[in-house]
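*Asks:* compute the structure for the input listed below.
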Amino acid sequence: MAETAIRSAMEQLTNDRKIYDRDLSVLLHIRSADDALADTMQPNNAIQKAFDEIQEAKRFNPEIPVMDGVIKALNELEGARRSPMAADFGHLRTTVRSDAAGPATRVVARNALRLQEDILAWIKIQELISGHLRSLTEITSASARAAQQ
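*Replies:* Here you go, the predicted model:
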């Protein structure tokens, strides 16, 4: 009974981990895009690198609020690619940060909170198991002593 529940939880974590890894990858690509936009000395390269990173984040097919921000950032970067010398890097970084990185960060933080809650629940279960094992040990010990007398 308990073994089945644990196996089920392990399978669920395996499935959830794919989602958590995806969300983290999306955030890392968005942050890389923001970092690329910090280098305004080579606007063509900066915009192309940021565009590539945001496109990679989109490829992961993130949650809808994150995808909306990624698409908005892609559209802004696409416009900047047409005229990189006139690009407003401050506006581009603000778009990437607020519209894409903001929602992606919230998703990753939510995932971390869920995992922390799971950890606390498993610690409670572990404490219950430990208490049950102590009881079993005490009963076994008392029964063994009684049988030897």
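
*Asks:* what is the end-to-end distance of stretch 75-88?
*Replies:* One end of stretch 75-88 to the other measures 14 Å (C-alpha to C-alpha, to the nearest Å).

*Asks:* neighbouring contacts of it?
*Replies:* 33, 43-44, 46-48, 50-51, 54, 91-92, 95-96 (C-beta atoms under 8 Å, 6 or more residues apart in numbering). Using the backbone N, CA and C atoms, a C-beta is placed for each residue, glycine as well.

*Asks:* you'd agree S25 is up against N61?
*Replies:* No: taking C-beta atoms under 8 Å as the definition, S25 is not a contact partner of N61, at 11.1 Å.

*Asks:* on that earlier part again, identify the farthest-apart pair in the contacts of stretch 75-88.
*Replies:* N44 and T95 (18.6 Å; C-beta to C-beta).

*Asks:* ok so, going back, who's more crowded, S25 and N61?
*Replies:* For S25 and N61, the more surrounded residue by other C-beta atoms under 10 Å is S25, and the numbers stand at 16 against 11.

*Asks:* now do the helix or strand containing T4: distance to the chain's middle.
*Replies:* Element membership of T4 [criterion: DSSP states H and E] is helix 2-37. Chain-centre distance of helix 2-37: 5 Å, with C-alpha atoms, centre = their mean, to the nearest Å.
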